[in-house]
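J.: this is a predicted model, with the sequence first.
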Amino acid sequence: MELAAAVLQTVLGEVIKVVGREAQCALGFKGEFADMQKMLDRATKLHADKANLKDMDQVTRVALIQLREVVYKADDILIDCLLRYEDVEGHWIRRSCLRITPSFLSKTSKELTEINKQLKERMEFLTTLPDNNTQTKHEEPIVKPQTRNVDVVIGLHNDLKTINEWISQKNKKLQRIAILGMGGLGKTTIARQIYNDKEFRRKSSAGLRRFDEIIWVTVSKNFNKDRILEDVLKKLGGTGSEDSSDFMTKIKEKLENKTCLLVLDDVWRIDEIIWWSDLCAVLTSTVSGRSSCIITTTRFERVANVVVDEDKRIHKPSTLDKQNSWLLFSRLAFPSSEGNRGKAQLEEIGKEIVEKCGGLPLAIKAIAPTMSSKTTIAEWTEVKESYHSSLIEGEDHEVMTSLKWSYYELPALLKQCLLCFSVYPEDFEIRAEQLIHWWIAEGLVQQRNQKCSLEVGYECLLGLTSRCLVEVVECRGFDGRVSSCKLHDIVRDLIIQIAEEEGFCSFNQQQGTQVEKTAPYWLAFNYEKDKKDEKDETVLGDNSKLRALLLKVKSPVGRIFESSLPSLRMLDISGSKLNNKEVKDLLVWICALKRLASLNLSNVEGLEELPSSISELLNLQILILSGCTKLKKIPDSITRLKKLIVLKVGGCSSLEYLPRGLEKLSNLQELTGFKVANQTKTKGCELTELSNLTNLRVLRIVIRDEAVKVSGIGLNKILSELKELKILAINADECKEQVWKMVDSLTPPPNLLELYLCNYNRKNLPKWFCPSKLPKLQYLSIENGDIVNMNPGAENESSNCKWNVLEGLCLKQLPRLAVEWKDLKKVMPGLRYLEVSRCSNLANKNFPCSVEKPGVWRE
């Protein structure tokens, strides 16, 4: 089951670092660490022989869980030792801020001896158990080639035709349609195709759209009428902060003289028939011969009968026939040949595997991508013969079997990454950034080759989406990088089952919610706190195992700072509504979490100042403070956090500057919200310090309308020193002429891939905006400015130069911009993605999409 493989590899790497480098950081325990290295190396090899979930007995499973617990203890000791030293130019130098006392040395000595003893015992026991594997498992790559786009839709033509015909009928004031079927049948896919149909958004000759508003709401098991109405209201432009009793009235006001397509996805029950009737009444009206429509997807017939009217427009999708099942499978199993494969024996075996999927699209999508890296008949035959070896009884057994196979075939790292999804509520939209920060904090994701840890994290997420185990909710248009995602409910059922079996956390199986039955390693709760239960407080018990804690509450977090959580690596309380006193109390508790690696305090209302004791979090790698509008000061002591790789302070409107000495954070990979200090802010970090942050991959800076003091190296070298920088964003709101001169004099980094210019209130782009200075630029975004053309800014740049590698372009709120589409394509021949909005001067320039309202074009 490989539940300890990722942890073993991570900790083994850290031990090798201690043993292989100078001996000081071992604090006199180099012998113990050397012994640990040998045993961890043996454990890694032994683990590969024993770990295979589909064949594992309970004794082996428990033994591997116990092994992982010992490895986690070793990880804690390693961090405690390493934090007492810092690596300066390849030499370990003792930190003065952490004392190495006799009591610490004595305690550590005993713990190391005990850990090595337990490792030896666990391995000796594992060697007595029989091997489960008859063959060496082929380890798949993290991201398989040519599998980025898994949004393959096949065999749904008749389904879409039927529903479109129902929607098009004009003799009803409200179309009420249900899509009914078992999990994995493609109900949501069909509804999504209807929702994304451009015909419904395109204006007719009379200037009318079929639907004025198109709204999607995911409902799932936990039916909450107020939340559904609040979601609808927000998507209509409301704030959602109104009294819930007024939601229906507000929606009616927003939809006056408008038609609406409302999709309610994955409805498990309708608690109040009267409420449903009221919702339908709000949508029951015709506008210029057009009517509104509600589409409900459900797996329950009783729900379908409630949501439709007397016409009983209930569509029941069929399973895919053999031809379409094979077409879907081959598109995903043979991506490099676009569904065609020359080896006849593989096709024959593949068709037998497809037959076992029962025509269920999700089952096929789950198993097919795992086959793309298998090239031998033996490998394909093993999948075919073992496919039904571990069926889960019930109507979804074909889907669950495919999903289990997909899980078995994952690399050890991706198994652990996928299990992290288990703590999120059903149908919850998960921010990719939060997941990646969690993986980094756990030590799962680390810098590899030339890729920084953040880049490796996105690669891991792509590895999960490319295998159809994780659904993409939102992604960047030009390159498909995931920004938010979710799990299909059947995938989640499997993941929470495995997470509980492997001892990471416990769940109420009926409700699918996390419970604190045993001390968990991960805990997430109160994501959607019931509004009727505002008095409830969040109280945690002591837990020496807990490594990740995610809180999402709209009321005080209670007394969590009374809990002892010494192993905590990741803490996210973003969005919590706390007053200043509560924040101060919480920060005292947080600053005692010595092993904490990721801290997210974004949008915490009462945060006004970080305490100087933040410097005690020497293991901190990620600090997110975005959207803390009351935050006024960050202490100088933050510059002691030498392991910091991400610092985000964007949207902190009250924060005037970051402290001087930021250049000491030499490991920074991402810096967002850096405000260039003016001459009067003598304590503020100057722009020149950035040139020393040579590991930066992402830099987002804010240049205000104040005089900028720049000293030391020349302006033209500040950014050019950042050889690794891939993403640069400059926000220059209402800047004075001398500031624009400073921006013009900058030399962009040589390897820049993405450039974002916001509030650029000049007619011409910077002088350095030209292909010769930005030869690798792939994406350009210009938002809110006065530019009039897209010509290169350099005076000596040839007028016929071309952006040959530029693939994506975003133009927003540029009312003076006037450029012909054909001219733009001429200088950007590789352009394949365009996003435009509120660019009125482009109205008659033959652009392939809307230029006033948000428009998107893809080649």
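T.: On my side now, so go ahead. Keep in mind that what you see is a predicted model, and the values were worked out from it rather than measured.
J.: how about the strands in the stretch 451-600 of the chain?
T.: 471-475, 482-486, 506-508, 513-515, 522-525, 548-551, 570-572, 598-600 (DSSP state E, counting those that start in this stretch).
J.: could I get those as CSV with mean neighbour count?
T.: Any C-beta I mention is one placed from the backbone N, CA and C, and that applies to glycine too. Below are the strands of the stretch 451-600 of the chain laid out as CSV (neighbours: other C-beta atoms under 10 Å):
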stretch, mean neighbour count
strand 471-475, 17
strand 482-486, 19
strand 506-508, 16
strand 513-515, 17
strand 522-525, 20
strand 548-551, 22
strand 570-572, 24
strand 598-600, 25
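J.: of these, which shows the lowest average pLDDT?
T.: Lowest mean pLDDT within these: strand 513-515, a mean of 73.
J.: show me what that strand is packed against.
T.: Judged by 3 or more C-beta pairs under 8 Å, 6 or more residues apart in numbering; DSSP states H and E, strand 513-515 is in contact with strand 506-508, strand 522-525.
J.: so which bits of the one helix or strand V383 maps to are buried?
T.: Assigned by DSSP states H and E, V383 belongs to helix 377-386. Neighbour-count burial for helix 377-386, counted by 16 or more other C-beta atoms under 10 Å, picks out E379, W380, V383, K384.
J.: and of those residues, the nearest to K723?
T.: E379 (42.5 Å; C-beta to C-beta).
J.: how close does that closest one sit to E355?
T.: 18 Å (C-beta to C-beta, to the nearest Å).
J.: what about the closest residue to L360 other than its chain neighbours, which SS state?
T.: Spatially, and ignoring its direct neighbours in sequence, L360 is nearest to G184 (4.6 Å; C-beta to C-beta, 6 or more residues apart in numbering). Recorded secondary structure, G184: coil (DSSP: H, G, I helix; E, B strand; the rest coil).
J.: phi and psi next, for G184.
T.: G184 adopts backbone torsions of phi 90, psi 0, taken as degrees, to the nearest 10.
J.: so can I have CSV of the buried residues of helix 377-386 showing distance to T259 and pLDDT?
T.: Below are those laid out as CSV (distance: C-beta to C-beta, whole Å; pLDDT from 0 to 100):
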residue, distance to T259, pLDDT
E379, 53, 85
W380, 51, 87
V383, 49, 81
K384, 50, 80
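J.: enumerate every residue touching the nearest residue to L625 once chain neighbours are set aside.
T.: Excluding the flanking residues, the one nearest L625 by C-beta to C-beta, 6+ apart is V649, at 4.9 Å. V649 sits next to L625, S626, C628, L631, I634, L655, L658, T672, G673, F674 when contact means C-beta atoms under 8 Å, 6 or more residues apart in numbering.
J.: out of these, which comes closest to P102?
T.: I634 (35.9 Å).
J.: what's near enough to touch the residue positioned nearest the centre of the chain?
T.: Nearest to the centroid of the C-alpha atoms of the chain, with distances taken as C-alpha atoms, centre = their mean, sits A432, at 0.6 Å. Applying C-beta under 8 Å, 6+ apart to A432 gives the contacts Y458, L461, V482, S483, S484, C485.
J.: farthest-separated two in the residues you listed?
T.: Longest distance between any two of the contacts of A432 is 12.8 Å, between Y458 and S484; criterion C-beta to C-beta.
J.: now do the buried residues in stretch 578-592.
T.: Buried residues in stretch 578-592, counted by 16+ other C-beta under 10 Å: L578, E582, V583, D585, L586, L587, W589, I590, C591.
J.: what about dumping the CA coordinates of it to PDB?
T.: Listed next in PDB are the C-alpha coordinates belonging to stretch 578-592 (Å, rounded to 0.1, in the frame of the first residue of the first chain):
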ATOM      1  CA  LEU A 578     -11.400  37.200  14.700                       C
ATOM      2  CA  ASN A 579     -11.000  40.500  16.600                       C
ATOM      3  CA  ASN A 580      -7.600  41.900  17.400                       C
ATOM      4  CA  LYS A 581      -7.400  40.400  20.900                       C
ATOM      5  CA  GLU A 582      -8.300  36.900  19.600                       C
ATOM      6  CA  VAL A 583      -5.700  37.200  16.900                       C
ATOM      7  CA  LYS A 584      -3.000  38.200  19.500                       C
ATOM      8  CA  ASP A 585      -3.900  35.300  21.700                       C
ATOM      9  CA  LEU A 586      -3.800  32.900  18.700                       C
ATOM     10  CA  LEU A 587      -0.400  34.200  17.600                       C
ATOM     11  CA  VAL A 588       1.100  33.500  21.000                       C
ATOM     12  CA  TRP A 589       0.100  29.900  20.500                       C
ATOM     13  CA  ILE A 590       1.200  29.800  16.900                       C
ATOM     14  CA  CYS A 591       4.700  31.100  17.600                       C
ATOM     15  CA  ALA A 592       5.300  28.200  20.000                       C
END
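J.: what does that stretch rub up against?
T.: Against stretch 578-592 from outside (C-beta under 8 Å, 6+ apart): 556-557, 560-562, 571, 573, 596, 599, 604-608, 610-611, 613-614, 616-617, 630.
J.: now do it: distance to the chain's middle.
T.: The chain centroid and the centroid of stretch 578-592 are separated by 27 Å under C-alpha atoms, centre = their mean, to the nearest Å.
J.: any buried residues in whatever helix or strand K117 lives in, and which?
T.: Using DSSP H and E, K117 maps to helix 102-127. For helix 102-127, the neighbour count (16+ other C-beta under 10 Å) marks T108, E111, L112, I115, N116, Q118, L119, R122, M123, L126 as buried.
J.: likewise for stretch 222-236?
T.: N222, K225, R227, I228, L229, E230, D231, V232, L233, K235, L236.
J.: using a markdown table, lay out the strands of the stretch 451-600 of the chain together with distance to E301.
T.: Shown next, in a markdown table, are those (distance: least, C-beta to C-beta, whole Å):
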| stretch | distance to E301 |
| --- | --- |
| strand 471-475 | 25 |
| strand 482-486 | 25 |
| strand 506-508 | 26 |
| strand 513-515 | 26 |
| strand 522-525 | 33 |
| strand 548-551 | 36 |
| strand 570-572 | 40 |
| strand 598-600 | 43 |
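J.: reformat the buried residues of helix 102-127 as TSV; add pLDDT.
T.: TSV is the format used below for the buried residues of helix 102-127 (pLDDT from 0 to 100):
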residue	pLDDT
T108	81
E111	85
L112	84
I115	86
N116	85
Q118	86
L119	83
R122	82
M123	79
L126	75
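J.: possible to save those residues as JSON lines with distance to M371?
T.: Formatted as JSON lines, those follow (distance: C-beta to C-beta, whole Å):
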{"residue": "T108", "distance to M371": "49"}
{"residue": "E111", "distance to M371": "46"}
{"residue": "L112", "distance to M371": "45"}
{"residue": "I115", "distance to M371": "41"}
{"residue": "N116", "distance to M371": "42"}
{"residue": "Q118", "distance to M371": "40"}
{"residue": "L119", "distance to M371": "37"}
{"residue": "R122", "distance to M371": "35"}
{"residue": "M123", "distance to M371": "35"}
{"residue": "L126", "distance to M371": "31"}
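J.: ok, so of these, who is nearest L746?
T.: For the buried residues of helix 102-127, the nearest to L746 is T108 (49.2 Å; C-beta to C-beta).
J.: pretty sure M248 contacts D278?
T.: Yes - between M248 and D278 there is a contact at 5.8 Å, judged by C-beta atoms under 8 Å.
J.: neighbour-wise, which of these two wins?
T.: Neighbours were counted for M248 and for D278 using other C-beta atoms under 10 Å; M248 has more, 18 against 14.
J.: which residues sit in contact with the more buried one?
T.: Per C-beta under 8 Å, 6+ apart, neighbours of M248: L229, D278, L279, V282.
J.: could you give the mean pLDDT of stretch 725-736?
T.: For stretch 725-736, mean pLDDT is 83.
J.: oh, I was asking about stretch 671-689
T.: For stretch 671-689, mean pLDDT is 78.
J.: ends of it, what's the gap?
T.: In stretch 671-689, first residue to last residue: 13 Å (C-alpha to C-alpha, to the nearest Å).
J.: and if you look at stretch 846-859?
T.: Using C-alpha to C-alpha, the end-to-end distance of stretch 846-859 comes out at 15 Å.
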